[in-house]
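[1] have a look; sequence and predicted model below, questions after that.
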Amino acid sequence: ETGVTQSPTHLIKTRGQQVTLRCSSQSGHNTVSWYQQALGQGPQFIFQYYREEENGRGNFPPRFSGLQFPNYSSELNVNALELDDSALYLCASSLAQMNTEAFFGQGTRLTVV
Amino acid sequence: AQSVTQLDSQVPVFEEAPVELRCNYSSSVSVYLFWYVQYPNQGLQLLLKYLSGSTLVKGINGFEAEFNKSQTSFHLRKPSVHISDTAEYFCAVTLSRDDKIIFGKGTRLHILP
């Protein structure tokens, strides 16, 4: 079985720009969650997608949005980037209603300058 | 609401010495408890989990943790650490296996030669 893969691994953006991060879930998993990990902090829940619909959201502004596709891969979009958006963005996949734990990808390191 | 407190931001320990990383949680309902490890420039890897049953949980790489309901603690232990254990360790809780995960701020384990 394939693991969770995220792309790109690193990127640098300018304040005010928009960014799209991508996540391919583990084979057979139908739920994807996104987390933001600022430097020196624990990951913070952004939102979760189940069967292409948002299924829970953390304390993040609307400029953080997402999509889940029919193959259960997912995108995280961030508009109007701010310096504080610089962080490691982690994607985790799981199989809802089957009592499986989440598996994490390696993350995307976003730097906003 | 649930919360996780990791009492030490950094723990230095000599190689082959024992170590304990402390974690306390707060919740008005039953939770699942986890420890994750994050090696430099990597994603999160599940070390061990407590779901129910025996309060002593064994995980990978020789780590174990004990769930103490009365003290709302879930401390992580290893009897003899190795240089390869150098990493950030995160304690986490969730209400169910596919719910959002709430992480502590992490404890950096620093192995001294």
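    On my side now, so go ahead. Numbering: from 1, shown residues only, chains lettered A, B, ... in the order given.

[2] ok, and the closest non-adjacent residue to residue 17?
    I'll assume chain A. Counting by C-beta to C-beta, 6 or more residues apart in numbering or on different chains, A:Gln17 lies nearest to A:Leu81, which is 5.2 Å off, once chain neighbours are set aside. For the C-beta atoms, the positions are set from N, CA and C on the backbone; glycine is no exception.

[3] oops, I was thinking of chain B
    Among residues not flanking B:Ala17 along the chain, B:Val81 sits closest, at 6.4 Å (C-beta to C-beta, 6+ apart).

[4] related to what we said a few turns ago, secondary structure class for the residue nearest to A:Gln17?
    Classification of A:Leu81 by DSSP: H, G, I helix; E, B strand; the rest coil places it in coil.

[5] ok, the residue in chain A that chain B sits nearest to - contacts?
    Distances from chain A to chain B, computed as C-beta to the nearest C-beta, single out A:Gly42 as the nearest residue at 3.5 Å. Taking C-beta atoms under 8 Å, 6 or more residues apart in numbering or on different chains, we find A:Gly42 in contact with B:4, B:90, B:92, B:103-106.

[6] do B:His82 as well
    The contact partners of B:His82, taken as C-beta under 8 Å, 6+ apart, are B:15-16, B:111.

[7] please, where are all the strands along chain B?
    Per DSSP state E, chain B has strands spanning B:3-6, B:10-14, B:19-21, B:23-26, B:32-38, B:45-50, B:56-58, B:64-68, B:73-78, B:87-94, B:102-103, B:107-112. These are given in chain order.

[8] what does the fifth one contact?
    In this case it means strand B:32-38. Counting contacts by C-beta under 8 Å, 6+ apart, the residues outside strand B:32-38 that touch it are A:101, A:104, B:21, B:23, B:25, B:44-51, B:59, B:61, B:63, B:65, B:67, B:74, B:76, B:87-97, B:101, B:103, B:106.
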